[in-house]
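Enquirer: Give me a model of this one.
(one chain, ligands or ions: 2)
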Amino acid sequence: MSVLVVGGGGREHALCLGLDRSDSIGEIHCAPGNAGTAEIATNHAFSEVADLIHLAFQLDVDFVVAGPEVPLCEGLADQLANMDIPCFGPVAALARLEGSKLHAKQVMQANGVPTAAFHLLDSNSDIDAALDDFSGNPWVVKRDVLAGGKGVVVTEDRAEAKEFILDSIASDGQVVLEDFLPGEEASMLVVMDESGYVCLPASQDHKREFEGDKGRNTGGMGAYAPAPVYTDEVRSKTIERIVEPMHQDLASRRKPYRGVLYVGLMIDAAGDPYVVEFNVRFGDPECQITIPLIASDLGQMLHAAASGNLAEQDVTFHDKHALTVVLAAENYPGSVEKGRAINNLPSASHDSWVNHAGTAHANDQLVSNGGRVLSCTGIGSNLSEAAAKAYALIEKIELSGSHYRQDIGHRAL
Ligand code: AMP
Ligand code: GLY
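Expert: Numbering: from 1, shown residues only. Ligands and ions are numbered 1, 2, ... in the order given. Predicted structure coming up:
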């Protein structure tokens, strides 16, 4: 089969690497891709969803795999369906699970899925009363729009919470104030369509910029899987209380969910799971360490889910551990300078390799092209082995001003 992968980050390079290893896949296209995908796929520039539709049609691909959420929220899957091109990634109406925090809350409530209590606030609301209602813990304020990871504030500073609430109401009309959930986070990726679902190994990412989970929030500085916090007991509760009811709902829609549902979990001290967020795509960098743990053919699984035949697939996993460490550009998650030379890139082996994210070629030189530039991934029979392999690679890479966290996997190690 031939496939078009949409996106150009570390997640999409990981998807292309997995597809490249798939016997079912003959030809890979990526739009826009990066310097890593260019080695195994044909990269194509695009600016709008209409260009992607045109590209998929022109290339006559067998299916499309959507990396990021924005094209899905803009109707990528709907428009591909009109042209009979299967899309791994949900239609716009279901992509709202990520596009609107309020919508996600309402769907969870309707399905009895455990999540934090919340108030919907608008210009008529008594904001102080709502803040009082959730006092004693940090306040959690969530904008109701796609905000590229900048839409959530968790703060113990009441004035800061109130200011973010007022600013969000001014720009979006409404905002969600949520009860604080204590516990440990894990990311659970569920591949699903109307015929069934497959839970991928649970992982944990590291969202803060510095060691010990300090500093600014980032897109993710590293990740590992499987996450030990996701015990067998937590798994069975998660499936019974979250995955089953969500799947029943999303499978019964006129245009059912086809793709991966990212379930952001908070697991409390009693081992009870709550949903912090849904995303309608693979996590980044969770994808980079989850895909390599899939032993069966990735292309077949993605194509089957895009076509509504997932239940026929036998998806199997390696009994291994995977860990990835992100190399970020100077000043990331603030604004970064692109175009800096990257040297000394180590070559890949069967159990450690470099995932490209914000990379490009300028003449013959590999250069940085984003905030998260690349990540180094290791696979091992235990987590410390995987970590040792990832760190052995990242230490070698030269990129002026770049930084990475030394403690990826610390909770499990
Ligand atoms: P979200 O975009 O909804 O995942 O929120 C971003 C981050 O904020 C999450 O990964 C959590 O670390 C934190 N967070 C969100 N909601 C809550 C909550 N109700 N209680 C505690 N932390 C939260
Ligand atoms: N790593 C978190 C996310 O992809 O949303």
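Enquirer: Any figure for the gap between the residue nearest to N369 when sequence neighbours are not counted and R340?
Expert: Excluding the flanking residues, the one nearest N369 by C-beta to C-beta, 6 or more residues apart in numbering is A360, at 4.0 Å. C-betas here are computed from N, CA, C, even on glycine. Remark: distance between A360 and R340 (C-beta to C-beta, to the nearest Å) = 11 Å.
Enquirer: Between these two, which contacts overlap?
Expert: Residues touching both A360 and R340 (C-beta atoms under 8 Å, 6 or more residues apart in numbering) are V367, S368.
Enquirer: need the contact list for A66.
Expert: V6, G7, L72, L76, A77, C87, F88, G89, G259, R281.
Enquirer: Please repeat the previous calculation with a cut-off of 10 Å.
Expert: In this structure, A66 makes contact with 4-7, 12, 15, 52, 72, 76-77, 80, 87-90, 95, 259-260, 280-282, 306, judged by C-beta atoms under 10 Å, 6 or more residues apart in numbering.
Enquirer: Buried ones in stretch 397-407, by neighbour count?
Expert: I397, L399, S402, H403, Y404, R405, D407 (16 or more other C-beta atoms under 10 Å).
Enquirer: Based on its surroundings, how many neighbours for R96?
Expert: By the criterion of other C-beta atoms under 10 Å, R96 has 21 neighbours.
Enquirer: Surely the residue nearest to N369 and G339 touch.
Expert: Yes - the pair A360 / G339 is scored as a contact, 8.2 Å apart, by C-beta atoms under 10 Å.
Enquirer: Among the buried residues of stretch 397-407, which pair sits farthest apart?
Expert: L399 and D407 (20.2 Å; C-beta to C-beta).
Enquirer: quick one on the thing from earlier: against which helices or strands is the strand or helix carrying the residue nearest to N369 packed?
Expert: A360 is part of strand 359-362, with elements assigned from DSSP states H and E. Packing contacts for strand 359-362, counted by 3 or more C-beta pairs under 10 Å, 6 or more residues apart in numbering; DSSP states H and E, involve strand 365-368.
Enquirer: Pull the residues that contact the strand it packs on.
Expert: By C-beta under 10 Å, 6+ apart, strand 365-368 touches 35-36, 327-330, 332, 336-343, 345, 356-362, 373-374, 399-402.
Enquirer: how close does the residue in the stretch 251-400 of the chain that ligand 1 sits nearest to sit to ligand 2?
Expert: Per C-beta to the nearest ligand atom, E277 is where the stretch 251-400 of the chain lies closest to ligand 1, at 3.5 Å. Separation of E277 from ligand 2 (C-beta to the nearest ligand atom, to the nearest Å): 8 Å.
Enquirer: F134 now?
Expert: Counting by C-beta to the nearest ligand atom, the gap from F134 to ligand 2 is 24 Å.
Enquirer: Now that residue: closest residue in space that isn't a chain neighbour?
Expert: D179 (5.2 Å).
Enquirer: Now do the phi/psi pair for that neighbour.
Expert: phi -70, psi 140 (degrees, to the nearest 10).
Enquirer: any idea of the pLDDT on the spatially most central residue of the chain?
Expert: For the chain, the residue nearest the mean C-alpha position is G283 (1.3 Å; C-alpha atoms, centre = their mean). Listed pLDDT for G283 reads 97.
Enquirer: That one: what secondary structure?
Expert: What DSSP: H, G, I helix; E, B strand; the rest coil gives for G283 is coil.
Enquirer: and what of D132?
Expert: Three-state assignment for D132 (three-state DSSP): helix.
Enquirer: Quick one: neighbours of it, just the number.
Expert: 11.
Enquirer: What ranges does the stretch 251-400 of the chain have for its helices?
Expert: 286-290, 298-307, 383-394 (DSSP state H, counting those that start in this stretch).
Enquirer: And the shortest one, what does it pack against?
Expert: Applying 3+ C-beta pairs under 10 Å, 6+ apart, one finds that helix 286-290 makes contact with helix 10-20, strand 184-193, strand 204-205, strand 222-225, strand 259-267, strand 321-328, strand 352-356, strand 372-380.
Enquirer: cutoff 8 Å now
Expert: Contacts defined by 3 or more C-beta pairs under 8 Å, 6 or more residues apart in numbering; DSSP states H and E place helix 286-290 against helix 10-20, strand 184-193, strand 222-225, strand 321-328, strand 372-380.
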